[in-house]
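Asks: Turn this into a model:
(one chain, ligands or ions: 2)
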Amino acid sequence: MADRVFCIDFGSAFTKVALRADPSATTELIKLPGAWGLGGSDFCFPSMVAINRRDPANQRCVFGQDVVDLKTGNGIDVYRNWKKWLFQDVSDSATGSALSPLMTLLHSEEFHRLAASYGVSPAEGRFLRQIISAGEELHGKPATSPQSLEVRQQQFAGKLAAHYFTWLRKQVLEACRKLDKTGLRYEDIPARVTTPKFPGENPGVESLCQALKQAGWQLHPEQPVVTEPESNVIGVLTSGHNVITPKQKIQFTDMFAKGPFQKVLKDPEDHPAYRAFVVDIGAFTTDLAAFTLDTGGKTLDDPRTGYVITQKSVPIGISQLDEQIQAAVNAVSNERGEVMAQLTAADWEEYRRAVYAQSGKPFRIVGINIALGKGVDEIPIRETIHQFSQNIAAEVAAFCADHDPVGTEELILSGGGSMIPVVRDAVLDAATRNDRTFFRFHGAALPKSAGSTKIAKLTDAFARGGSALGGASLFFESSYY
Ligand SMILES: Nc1ncnc2c1ncn2[C@@H]1O[C@H](COP(=O)(O)OP(=O)(O)OP(=O)(O)O)[C@@H](O)[C@H]1O
Ligand SMILES: [Mg+2]
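Replies: Ligands and ions are numbered 1, 2, ... in the order given. From the prediction side, this is the model:
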């Protein structure tokens, strides 16, 4: 049982942390100390880490505002989007030592980066290594049994995670001390962490928990982990509200914002069923969830008996779009490709907002006379964003098709990727295929009207911070039921 809890939504690009300071307190997002957030969001802690190796005897990690303007080179290594290393599938990866020079190249970090910049997928890279390995064996060379790049990346990411969460803890506790909640010992409050929902068990979940513990976080005693799609749906539908009865029992109905979900709980005869779909487009994954409440027309004493959640995360996100865009730009102009290869995380934040929105506004770097996103790279960028949006749309269409329509349905669009108009429109189109209709669309950047479907604007806090807010919800506190 935990009366209060932190929820850490460890995002590939940005980590968000929420605090439920009491059983019935409204959950709040922790703001960055000093409010130096990127892109105007003061609760988005950059997840990137740099290692300064200039002094080999004194290598050190760099985080937060000290890292967003850094570039790899001159003894500095910048790691962005390393979350995927924790969760990648290493089942086909060999372990051992001896490596031919060719296999060493194919397992190297440099090869991996180059392949990504040409749009070569990790699966294609693995396939190439398998072919070369088979060829080497045929020619009598010793079978290569390297400790694969994937295994090394996973181990390295575990170490980075421990350093990162130590830094994060310091930031969070410092920010909490400025909150006006006297008497709370923030360092004793346990934490829950969100993870993607991949099929089967993923060792990344355990690595993440280990790293948190190493960093001094005490994990929630009963439910230390919640999946991103589920926490997102709860965060958005409850708006972070937690309500208990005088007898300290969860007041489930009142936790959810007014709307069709509450109607189903209060008047099941006339409104027997409800569903919310969530599409959360992040930097690493697109998280899909369907939260269905089917009362069968009867009042439910415990709503948990009537609801079912189906969910999945697919590894398609904005970091992948960034790699594809970089490869597409490089293919039409080496000069532009080289400029893009030098962009810092802070530059990328601006670039995405200017260029992915396709508003016609280019992105410029001081001192370089090139308008990125306008000119020779304009059409390749448009085509790449279109293809990316179609890939997400295919996932959304298949996920929705797996769920026969019930009663009233709503659609929640969240994550930074949902702000890209072409992506947003492709998702709305995919979700409404086969004449599926929605009562309401929730999102931060929705079209002004959508036929008979109502539009509910999500603030940035819910569009980006929904998973952290939901993960700290009383909803996940079984002792209050
Ligand atoms: N208005 C915008 N236009 C384009 N891109 C945006 C916009 N706002 C945010 N983004 C980008 O969306 C991406 C995803 O952000 P988000 O915070 O949802 O990812 P995350 O939670 O870190 O990733 P994940 O959940 O997949 O691990 C970021 O790379 C961010 O730069
Ligand atoms: Mg996320």
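
Asks: Which residue, other than its chain neighbours, is closest to residue 395?
Replies: Closest residue to residue 395 in three dimensions, ignoring its sequence neighbours and counting by CB to CB, 6 or more residues apart in numbering: residue 314, at 5.1 Å. Bear in mind the C-beta positions are built from the backbone N, C-alpha and C, glycine included.

Asks: So that neighbour sits against residue 284, correct?
Replies: No. Using CB atoms under 8 Å, residue 314 is not in contact with residue 284, being 10.2 Å away.

Asks: Looking at the two, which is more packed in?
Replies: Neighbours were counted for residue 314 and for residue 284 using other CB atoms under 10 Å; residue 284 has more, 24 against 19.

Asks: now that one: how far from residue 179?
Replies: 30 Å (CB to CB, to the nearest Å).

Asks: list the buried ones in stretch 211-225?
Replies: 211-212, 215, 217, 219-220, 224-225 (16 or more other CB atoms under 10 Å).

Asks: Sort out for me which of those residues are in helices.
Replies: The helices, defined by DSSP state H, take in 211-212 from the buried residues of stretch 211-225.

Asks: contacting residues for the residue in the stretch 351-481 of the chain that ligand 1 sits nearest to?
Replies: Per CB to the nearest ligand atom, residue 416 is where the stretch 351-481 of the chain lies closest to ligand 1, at 2.1 Å. When contacts are counted by CB atoms under 8 Å, 6 or more residues apart in numbering, residue 416 touches 13-14, 281-283, 318, 352, 464.

Asks: Need the pLDDT of it.
Replies: Per-residue pLDDT puts residue 416 at 96.

Asks: cool, and residue 39?
Replies: pLDDT, read off for residue 39, is 67.

Asks: Can you give the distance of whichever strand or helix holds residue 412 from its chain's centre?
Replies: Residue 412 belongs to strand 408-414 when assigned by DSSP states H and E. Remark: strand 408-414 is offset 18 Å from the chain centroid, using CA atoms, centre = their mean, to the nearest Å.

Asks: ok, now stretch 338-355?
Replies: 19 Å.

Asks: gap between residue 311 and ligand 1?
Replies: In this view, residue 311 and ligand 1 are 13 Å apart by CB to the nearest ligand atom, to the nearest Å.

Asks: Now that residue: phi and psi?
Replies: phi -160, psi 150 (degrees, to the nearest 10).

Asks: pretty sure it is touching residue 197, no?
Replies: Yes. Counting by CB under 8 Å, residue 197 is a contact partner of residue 311 at 4.8 Å.

Asks: Can you get me a residue count around residue 3?
Replies: 17.

Asks: where's it, which helix or strand?
Replies: Counting by DSSP H and E, residue 3 is part of no helix or strand.

Asks: now it, nearest residue through space, not along the chain?
Replies: Using CB to CB, 6+ apart, the closest residue to residue 3 is residue 23 (5.3 Å).

Asks: Could you do residue 84 as well?
Replies: For residue 84, the spatially nearest residue (CB to CB, 6+ apart) is residue 284, at 5.1 Å.

Asks: So what sits opposite the residue of the stretch 51-200 of the chain found nearest ligand 2 in the bridge?
Replies: Per CB to the ion, residue 194 is where the stretch 51-200 of the chain lies closest to ligand 2, at 7.7 Å. Per DSSP bridges, the residues bridged to residue 194 are residue 226.

Asks: What pLDDT does the model give it?
Replies: Reported pLDDT for residue 194: 98.

Asks: What count of nearby residues applies to it?
Replies: So residue 194, with other CB under 10 Å, has 27 neighbours.

Asks: For it, give its distance to ligand 1.
Replies: 8 Å.

Asks: likewise residue 273?
Replies: 29 Å.

Asks: what sits against that residue?
Replies: 264, 292-295, 406-408.

Asks: thought the residue nearest to residue 3 was touching residue 248?
Replies: Yes. In this structure, residue 23 is within contact of residue 248 by CB under 8 Å, at 7.1 Å.

Asks: So which of those two has more stuff around it?
Replies: residue 23 (19 against 11).

Asks: Check which helix or strand the more buried one maps to.
Replies: Counting by DSSP H and E, residue 23 is part of no helix or strand.

Asks: any idea of the pLDDT on it?
Replies: Looking at residue 23, the pLDDT reads 95.

Asks: Phi first, then psi, for it.
Replies: Dihedral angles (degrees, to the nearest 10) for residue 23: phi -60, psi -40.

Asks: show me the contacts for it.
Replies: 3-4, 242, 244, 248, 474, 477, 480.

Asks: Could you measure from it over to residue 479?
Replies: 10 Å.

Asks: Now the closest residue to ligand 2 within the stretch 201-350 of the chain: closest residue in space, sequence neighbours ignored.
Replies: In the stretch 201-350 of the chain, the residue that lies nearest ligand 2 is residue 282 (3.6 Å; CB to the ion). Counting by CB to CB, 6+ apart, residue 282 lies nearest to residue 415, which is 4.6 Å off, once chain neighbours are set aside.

Asks: what's the particular helix or strand that has residue 171 in it packed up against?
Replies: Counting by DSSP H and E, the element that carries residue 171 is helix 149-177. With contacts defined as 3 or more CB pairs under 8 Å, 6 or more residues apart in numbering; DSSP states H and E, the packing partners of helix 149-177 are strand 5-9, strand 14-20, strand 49-52, strand 60-62, helix 83-87, helix 203-214.
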